[in-house]
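Enquirer: coords please:
(one chain, ligands or ions: 1)
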Amino acid sequence: MFSFFKRKPKEEAATAPAQPAAAALTAAAVTPALLPETASADNQPVLSDTVPEQKRSWISRLKSGLAKTSSSLTTLFVGARIDDDLYDELEAALLTADAGVEATLFLLNTLKKKVKDEKLTEAEQVKTALKALLLELLTPLQKPLELGRYQPLVMMITGVNGAGKTTTIGKLAKHLQVHQQSVILAAGDTFRAAAREQLAIWGERNDVTVIAQESGDPAAVAFDAVASARARGTDVVMVDTAGRLPTQLHLMEELRKIKRVIAKGMDGAPQEVLLVIDGNTGQNALAQVRAFDDALQLTGLIITKLDGTAKGGVLAAIAKTRPVPVYFIGVGEQIEDLQPFNAQEFVDALLQ
Ligand SMILES: Nc1nc2c(ncn2[C@@H]2O[C@H](COP(=O)(O)OP(=O)(O)OP(=O)(O)O)[C@@H](O)[C@H]2O)c(=O)[nH]1
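Expert: Below is the predicted model:
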């Protein structure tokens, strides 16, 4: 079971501001697939007939995104004998899939022990055992983003250039609208005037307020957005930030400043500090997680572009070395291509 967003208790939700008309825009297209399969205490029942079809389509996109890794992992078990050659090939396949040395060795050693302890004799059994191990490794990364805990919930979105921050913010804003959440965006990418304008146009089209300034101080933009959200009773503030490399220390310091200034506008905010990672960056993704987490104490990750040449193993590397929850994964440019991370679905796609 997974939950896109956990909802507020009903009484609180009733006091939330009215939602812009555009919220209906994509509801039919995305809502059912994103909601929990069974409702928890404070969730509303959400299943509809369209769920299985939409879910299937998401799973097939995820599978085709991870097809390369999946085929290299799966084929090595076909008709194989359980010997050193099999383990060597598996080691190479995991490393090629970006799982990194630490997670690869962990998986191999644990697998060998399991094969011995459980006296497995068939390659297919070893594959099943590997699948179970991967699931165990990745499950701690699965965590839904909860809404309604704060008013507003302030999310700061960070990442290197081109990781997919702005696109992801757009997709998330639409999902939030569908879930009756009002949204304000802070155009904190003040380096590129074009980025600010792009977000402003996007906001206008989608009935999302965008706070932007020409002054060029992203911290001030973020502060204004939080103040505005508090005054209007807006549910969620998303603060976009300019892309930067972890090695650009002054720019990393700027992120820390944005975070501090947001906290001046609201105690405890930002409650979510997210890093957007391009799934194609391989082991460099791990370095990004480490650096941004050290600087900002990340609360979550969003991994995009798992539809390209991405290999997917980087999630295992993250799980083993810096297990920051993965809230969402993206497999394309459409809104419904961004979905909550579900370890079981992911492992099923990785080892078919
Ligand atoms: N294939 C694919 N493309 C994606 C995905 N997510 C984002 N993109 C594309 O990646 C490109 C960069 O996305 P942006 O949202 O502009 O990235 P950014 O992190 O805001 O970039 P900067 O503003 O330069 O820091 C765009 O062309 C997006 O359409 C995805 O999941 N799959």
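
Enquirer: Would you check how far apart Thr110 and Tyr327 are?
Expert: Between Thr110 and Tyr327 the distance is 27 Å, computed by Cβ to Cβ, to the nearest Å. Just so you know, the C-beta spots here come from the backbone N, C-alpha and C atoms, and that holds for glycine as well.

Enquirer: So these two - more neighbours on which side?
Expert: Tyr327 (24 against 15; other Cβ atoms under 10 Å).

Enquirer: Phi and psi next, for that one.
Expert: Here is the backbone geometry of Tyr327 (degrees, to the nearest 10): phi -70, psi -50.

Enquirer: any idea how far it lies from the ligand?
Expert: 14 Å (Cβ to the nearest ligand atom, to the nearest Å).

Enquirer: give the contact list for that residue.
Expert: Residues near Tyr327 by Cβ atoms under 8 Å, 6 or more residues apart in numbering: 143-145, 274, 300-302, 340-341.

Enquirer: For the ligand, what is the nearest residue in this structure?
Expert: Here the residue of the chain nearest the ligand is Gly243; by Cβ to the nearest ligand atom that distance is 2.5 Å.

Enquirer: State whether that residue is indeed within a strand.
Expert: No. Counting by DSSP: H, G, I helix; E, B strand; the rest coil, Gly243 is not part of a strand but coil.

Enquirer: Roughly how far does the nearest residue to it once chain neighbours are set aside sit from Asp189?
Expert: Nearest residue to Gly243, sequence neighbours excluded (Cβ to Cβ, 6 or more residues apart in numbering): Asn161, at 3.2 Å. Distance, Asn161 to Asp189, using Cβ to Cβ: 10 Å.

Enquirer: pretty sure the residue of the chain closest to the ligand is touching Ile157, no?
Expert: No. At 10.6 Å, Gly243 does not count as touching Ile157 under the criterion of Cβ atoms under 8 Å.

Enquirer: So for those two, which sits in the more crowded spot?
Expert: The residue with more neighbours, out of Gly243 and Ile157, is Ile157; 26 against 21, by other Cβ under 10 Å.

Enquirer: Show the contacting residues for that one.
Expert: Contacts of Ile157 (Cβ under 8 Å, 6+ apart): 165, 168-169, 238-241, 274, 276.

Enquirer: now it, what's its secondary structure?
Expert: strand.

Enquirer: A helix includes Ala93, no?
Expert: Yes. Residue state for Ala93 (three-state DSSP) corresponds to a helix.

Enquirer: Shouldn't Gly79 be within a helix?
Expert: No. If the criterion is three-state DSSP, then Gly79 is coil and not within a helix.

Enquirer: how about it, what does it touch?
Expert: Ala123.
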